[in-house]
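> After the sequence you'll find the predicted model.
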Amino acid sequence: MAISPDAVPRLWRLARLDYDPARQRPVLLYPEGAVLLNDTGRAILELVDGSRTVAQIAAELSNRYQTDVTADVTAYLSQLAERELIQ
Amino acid sequence: MTTHERPTTLLAELTHRCPLHCPYCSNPLDLLRAESEIGTEDWKRVFTQARELGVLQLGLSGGEPMVRKDLEELAVHARSLGLYTTLVTSGLGLTRKRAEALRAAGLEHVQVSVQDADPETAERIAGISSVKQKQAAIAVVKELGFAFSINVVLHRANLDRIGEIIDMAAGYGADRLELANTQYYGWGLRNRASLMPTREQVLRAKAIAQERMKRYKGQMQITFVLPDYFEELPKACYGGWGRYYIVVAPDGRALPCHGAYAIPSLELPNVRERSIDWIWHESPAFQAFRGDAWMKEPCRSCPRKAVDFGGCRCQALALTGDAANADPVCTLSPHRHLIDEALLEHAGAEAYVYRELAPEPQRA
């Protein structure tokens, strides 16, 4: 199910954004698991702060990349919500 | 050399000492004593080398890791490296003072084992009075704001209370609940006839767990994995041999999984003599069952060989006598009848062989 544009996502309390020096990749860490991120993933998750809406995150990144990334942002956050890594 | 992944997880079995005597313990039958344990500087070096190699997750485990007086120092070091660290504890020895010190050290996640929702059965399984101490430890873990998981090993004597167990974990305020069906290696294999549930018990428990997953969604994550004996295909043990996982034993021996002690042909490297990098990339033990060159039929020509890697090597050895055979859980294995026979072992009363150290050896 797609996440609502009005939703205000935040990271799961047990998850932490970090950088993995060995793989030279940003990474989302949580108990018994890890998701290796690309730079886009990191850019999205850095804006997942419990105050911005999905729509605001999409607008901010669309502005930054000078192209409409709303669909990508929504799909990415929906997938993480499905895995309960964001709430 | 074949290409292989970097490891993601280091399980540091800091000690085999433990106040509990659970009959399904994942430690080997031949438990190590305190005097053979490696020191603080050894562990810190191992953590540093593991992190450099790519390890992201660290489990501080045992035995009961709280018996190590240097645990706080190890937690500080792990945090300074950026590792996501889990303390895997029974709760015994996790006093307020030590919990506060671990919090200050930057430890993020505490996993407490619970044996049952029924206190009497819980203490019969643990072989020791322990429920009150666990409850006190859990209260402190919650109060200090750790990420908090509960782990329950499931077997014949507690499976019928799975609903109560899940509700109890929610009542304790757990963020995660791992419902782990008993694995039949080491102590678990020794006690298999006393632990084995019926198929009806397992299926009923699965249905209740699925219902509770929905009920507690957003509050508590619940994982429930069917015991592999009840499956028709083997599990990819640790995601494949030497692919993601390193276990270091209390005496410094490094293993690709915590059951691998039992495979006598493996020459286990020791972190006292070798670097984690060498152990991962070069040691014969970590290469022994990596990839698929070692496989026999029916695995060798099986399309699932890159999915389940032939299942568990330790289970293949323990039940068929050859670690390179297909995991006998697989219905394609000529040894599957050994599993089907074991599934009929649920009839008798529970007569546990409790986990304990062998008597002190005679000195010459």
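Cool, the structure landed.
> Pull the contacting residues for the closest residue to chain A within the stretch 201-350 of chain B.
Residue nearest to chain A within the stretch 201-350 of chain B (Cβ to the nearest Cβ): B:Gln221, separated by 5.9 Å. All C-beta spots, glycine's among them, are computed from the backbone N, C-alpha and C. Applying Cβ atoms under 8 Å, 6 or more residues apart in numbering or on different chains to B:Gln221 gives the contacts A:84, B:175-177.
> what are the bridge partners for it, then?
B:Gln221 has these beta-bridge partners by DSSP bridges: B:Arg176.
> Run a quick neighbour tally on A:Ile57.
Using other Cβ atoms under 10 Å in any protein chain shown, A:Ile57 has 27 other residues around it.
> hmm, I was thinking of B:Asp277
B:Asp277, neighbours per other Cβ under 10 Å, totals 12.
> before we move on, what about the one 10 residues further on?
The burial count assigned to B:Gln287 is 19, neighbours taken as other Cβ under 10 Å.
> Let me know the pLDDT of it.
We note a pLDDT of 94 for B:Gln287 in this prediction.
> Centre of the chain to stretch A:65-83, how far?
Centroid separation for stretch A:65-83 versus its chain: 8 Å, with Cα atoms, centre = their mean, to the nearest Å.
> Enumerate every residue touching the residue of the stretch 101-250 of chain B found nearest chain A.
At 4.1 Å from chain A, B:Ala147 is the closest residue in the stretch 101-250 of chain B, using Cβ to the nearest Cβ. Residues near B:Ala147 by Cβ under 8 Å, 6+ apart: A:13-14, A:31, B:108-110, B:175-176.
> Now render those as a markdown table, adding neighbour count, distance to B:Gly188 and secondary structure.
Output for the contacts of B:Ala147, formatted as a markdown table (neighbours: other Cβ atoms under 10 Å in any protein chain shown; distance: Cβ to Cβ, whole Å; DSSP: H, G, I helix; E, B strand; the rest coil):
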| residue | neighbour count | distance to B:Gly188 | secondary structure |
| --- | --- | --- | --- |
| A:Arg13 | 12 | 33 | coil |
| A:Leu14 | 22 | 28 | coil |
| A:Pro31 | 23 | 23 | coil |
| B:Glu108 | 22 | 29 | coil |
| B:His109 | 25 | 25 | strand |
| B:Val110 | 28 | 24 | strand |
| B:Asp175 | 20 | 27 | coil |
| B:Arg176 | 21 | 22 | strand |
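> Looking at those residues, which is nearest B:Arg17?
Nearest to B:Arg17 among those is B:Val110, at 19.0 Å by Cβ to Cβ.
> contacting residues around that closest one?
Going by Cβ under 8 Å, 6+ apart, B:Val110 touches B:86-87, B:89, B:94, B:102, B:141, B:146-149.
> if we go to 7 Å?
By Cβ atoms under 7 Å, 6 or more residues apart in numbering or on different chains, the contact set of B:Val110 is B:87, B:89, B:141, B:146, B:148.
> OK, contacts around the most far-flung residue of chain A relative to its centre?
Relative to the C-alpha centroid of chain A, counting by Cα atoms, centre = their mean, A:Ala22 is the outermost residue, at 21.9 Å. Residues in contact with A:Ala22 (Cβ under 7 Å, 6+ apart) are B:6, B:52-54.
> please redo it, this time with the cut-off set to 10 Å
With contacts defined as Cβ atoms under 10 Å, 6 or more residues apart in numbering or on different chains, A:Ala22 is in contact with B:6-7, B:50-56.
> now swap in B:Leu343 and tell me
Counting by Cβ under 10 Å, 6+ apart, B:Leu343 touches B:196-199, B:202, B:227, B:229-230.
> Quick check: residues of chain B near chain A?
For chain B, the residues in contact with chain A (Cβ under 10 Å from any Cβ of the partner chain) are B:6-9, B:50-57, B:59, B:81-86, B:108-111, B:145-149, B:175-176, B:178, B:217-218, B:221, B:223, B:244.
> Put the buried members of those residues into a ChimeraX selection.
Per 16 or more other Cβ atoms under 10 Å in any protein chain shown, the buried members of the residues of chain B next to chain A correspond to this ChimeraX selection:
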select /B:7,8,9,50,51,53,54,55,56,57,59,81,82,83,84,85,86,108,109,110,111,146,147,148,149,175,176,178,221,244
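> ok, which stretches of the chain are helices?
Just going to use chain A. For chain A, the helices defined by DSSP state H cover A:39-46, A:54-65, A:70-82.
> could you do chain B instead?
So, for chain B - with DSSP H - the helices run B:40-53, B:71-81, B:96-104, B:119-126, B:131-143, B:162-171, B:186-190, B:192-195, B:199-215, B:276-281, B:284-287, B:305-308, B:313-320, B:336-342.
> Tell me where the model's unsure across the chain.
I'll assume chain A. Under the criterion pLDDT under 70, no range of chain A is flagged.
> Chain B, not that one
B:1-3, B:347-349, B:358-364.
> Say whether chain B is contacted by stretch A:47-65.
No. Stretch A:47-65 is not in contact with chain B by Cβ under 10 Å from any Cβ; minimum separation 14.8 Å.
> Run through who's touching that stretch.
A:2-11, A:15, A:17, A:40, A:43-46, A:67-74, A:76-78, A:80-81, A:85-87.
> give me the subset of those touching chain B.
A:15, A:87.
> Show me which of the contacts of stretch A:47-65 are buried.
Applying 16+ other Cβ under 10 Å to the contacts of stretch A:47-65 flags A:3, A:7, A:9, A:11, A:15, A:43-45, A:69, A:72-74, A:76-78, A:80-81, A:85-87 as buried.
> need the helices of chain A in a markdown table with distance to B:Leu159, can you?
Conversion of the helices of chain A to a markdown table gives the following (distance: least, Cβ to Cβ, whole Å):
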| stretch | distance to B:Leu159 |
| --- | --- |
| helix A:39-46 | 39 |
| helix A:54-65 | 41 |
| helix A:70-82 | 29 |
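> coming back round to it: for the contacts of B:Ala147, which one is nearest B:Glu356?
The shortest approach to B:Glu356 among the contacts of B:Ala147 belongs to B:Val110, at 25.6 Å (Cβ to Cβ).
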